[in-house]
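>>> Task: produce atomic coordinates for the following.
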Amino acid sequence: MVEIVVNGVTRKVDIPEDTPLLWVLRETLGLTGTKFACGIAVCGSCTVHVDGVPRHSCVLPVRAVAGKSVTTIEGLSRDGEHPLQRAWVAEEVSQCGYCQPGIIMAAAALLAKRADPSDVEIDAAIANLCRCGTYDRIRRAIHRAAKS
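Presented below is the predicted three-dimensional model:
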């Protein structure tokens, strides 16, 4: 049994401790906003915050987050009104949208550290892959969110 705090709620999960956090979130807790893509911590689609730090949940064993606070895209905002989520819509960032939850989570961590990041800082912080190539819109949306 592993106890984790997900989106502010303490949860006890009866699952092998080496199970990747991604699968605990998606399959055990039903939080499907966090996506599986590469499975080797390269693409960033599975990005969540662990104690405020962006982490790739596809390779993070659930035991590593025992007693820590995990925030998923569902926990970023209950109503979809987080400044980044609003900026994503305003800038029409998403095409297929698959990678976007992970990118939004990486961007939220960046804005928590740096209120008005430069393009260079955004590019360094957002290492997530977007197959649709919406990087210019992603930068615009992060700048828009930073202003609000």
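>>> Check what pLDDT residue 130 gets.
Residue 130 is assigned a predicted lDDT (pLDDT) of 92.
>>> what do you get for residue 103?
Looking at residue 103, the pLDDT reads 97.
>>> That one reaches residue 44, doesn't it?
Yes: between residue 103 and residue 44 there is a contact under C-beta atoms under 8 Å: 6.8 Å. Backbone N, C-alpha and C define where each C-beta goes, glycine included.
>>> okay, the two: which has more neighbours?
residue 103 (27 against 23; other C-beta atoms under 10 Å).
>>> Tell me if I am right that residue 3 is in a strand.
Yes: counting by DSSP: H, G, I helix; E, B strand; the rest coil, residue 3 is found in a strand.
>>> can you tell me the helix or strand for residue 11?
strand 9-13 (DSSP states H and E).
>>> ok so, going back, overlap of the contact sets of residue 103 and residue 44?
Listed as contacting both residue 103 and residue 44 by C-beta atoms under 8 Å, 6 or more residues apart in numbering are 126, 128.
>>> ok so, going back, so for the very next helix or strand once past the strand holding residue 11, mean pLDDT?
Following strand 9-13 in sequence order, the next helix or strand is helix 21-23 (DSSP H and E). For helix 21-23, the mean pLDDT works out to 98.
>>> Not counting stretch 79-89 itself, show me its contacts.
With contacts defined as C-beta under 8 Å, 6+ apart, stretch 79-89 is touched by 76-77, 93-94, 100, 104, 107-108, 111, 140-142, 144-145, 148.
>>> Could you tell me which of those count as buried?
Neighbour counting with 16 or more other C-beta atoms under 10 Å marks 76, 93-94, 100, 104, 107-108, 111, 140-142, 144-145 as buried within the contacts of stretch 79-89.
>>> which of those has the weakest pLDDT?
For the buried ones among the contacts of stretch 79-89, the pLDDT minimum is residue 94, 91.
>>> Not including adjacent chain positions, what is the nearest residue to it?
residue 100 (5.1 Å; C-beta to C-beta, 6 or more residues apart in numbering).
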